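Trainee: got a predicted model here, sequence first, then my questions.
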Amino acid sequence: MDPIIARKTWRTLEPLHGLIYFAPEARTAYAALGLEERSGYFASRSAAMGPASHELVIATFFNFKPLVVREAMAGVWDKASPKAILNARHQAASDAIKRAIGDAIHSDEIAEAARLSRQAAVSASNNPEGRPLFAAHASLDWPEEPHQVLFHAQMLLREFRGDGHIALLISEGISGVQSLVLHGAMGTVAPSILRQTRGWENAEWAAAVDTLVDRGLLNPDESFTDLGRSFRESIEDRTDALALLPYEELGEATCQRLRSLVRPHAKHIAETMFPVNL
């Protein structure tokens with residue numbers, strides 16, 4: 001199977017998982033536990049690892065400024081248990097999907113998509129080696145409702161891909177902030193948004209740019225050199241290859257079927273629930 005199938009299938013389904021980072025249901029649920037803003041984000045996504053240390057969260061979240069992680073994680077496990085936070089996250093995701101697609105959560109299409117995405121995610125779960133954040137989530141119990149299964153499966157597939165992507169960046173000597181600078185050079189998300197949301201200061205960003213310029217990957221204006229563009233494309237292509245295993249379990253035709261089942265709902269979610277500048 002062409003590895004690009006991994007990227008296409010992940011991207012089509014990702015809004016069903018990505019909504020948890022923007023939905024007001026999530027902010028409300030975390031606030032009820034005493035977790036505000038970044039604390040809710042880091043705690044909810046790391047809770048599958050148990051009461052994780054600051055260092056473990058820094059290691060697995062990669063492109064956030066370490067100080068930001070430490071400040072956000074300070075005292076979170078004293079306020080709420082990992083189990084309570086996970087329950088809040090999954091309930092918030094369920095409520096957000098219900099709000100986004102309405103009665104379609106009961107449709108045959110969503111049920112079929114849930115079954116197929118679960119099949120792919122279970123296949124990935126048989127290969128957790130070297131993927132710590134994915135492995136932690138793979139140990140969680142599966143929910144019962146199809147729309148909840150769909151969220152859970154896509155969450156697993158996203159973390160499976162993400163852990164492989166981080167491994168590639170590290171192997172190429174790319175730091176967390178440098179990975180954001182390269183992402184910004186692609187032009188899909190404004191560099192200022194990437195810098196601010198991950199907590200990096202202007203001087204730290206500029207130092208990363210200088211390093212990448214010295215490596216011949218960027219021009220001083222933060223645009224790609226030819227070498228930099230091919231380097232970034234190579235990272236993405238190899239990420240696809242590392243993420244391909246669960247989609248091979250389905251086969252190309254079934255991946256296309258899964259995308260067609262979810263596409264209308266994912267498009268609606270992306271258009272109505274995600275920030276415009278992202």
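Mentor: Looks like it came in fine. Numbering: from 1, shown residues only.
Trainee: tell me how far Ser167 lies from Glu55.
Mentor: Heads up, residue 167 is Ala, not Ser. 18 Å (Cβ to Cβ, to the nearest Å). Any C-beta I mention is one placed from the backbone N, CA and C, and that applies to glycine too.
Trainee: who has more neighbours, these two?
Mentor: Using other Cβ atoms under 10 Å as the criterion, Ala167 and Glu55 rank with Ala167 on top: 15 against 12.
Trainee: and the host helix or strand of the more buried one, what's buried?
Mentor: Using DSSP states H and E, Ala167 maps to helix 146-171. The neighbour-count check on helix 146-171 (16 or more other Cβ atoms under 10 Å) flags 146-166, 168-169 as buried.
Trainee: next helix or strand past it?
Mentor: Next along from helix 146-171, by DSSP H and E: helix 176-185.
Trainee: packing partners for that next one?
Mentor: Helices and strands touching helix 176-185, by 3 or more Cβ pairs under 8 Å, 6 or more residues apart in numbering; DSSP states H and E, are helix 191-198, helix 202-214, helix 226-242.
Trainee: name the nearest residue to Pro51, sequence neighbours excluded.
Mentor: Trp77 (4.3 Å; Cβ to Cβ, 6 or more residues apart in numbering).
Trainee: now do the host helix or strand of the one you found, average pLDDT.
Mentor: Using DSSP H and E, Trp77 maps to helix 76-79. Here helix 76-79 scores 98 as its mean pLDDT.
Trainee: what do you get for stretch 27-38?
Mentor: 96.
Trainee: and what of stretch 57-68?
Mentor: Mean per-residue pLDDT for stretch 57-68: 96.
Trainee: which parts of the stretch 1-150 of the chain are helices?
Mentor: Here the stretch 1-150 of the chain has its helices, by DSSP state H, counting those that start in this stretch, at 4-18, 24-32, 37-46, 54-61, 66-73, 76-79, 82-101, 108-125, 132-138, 146-171.
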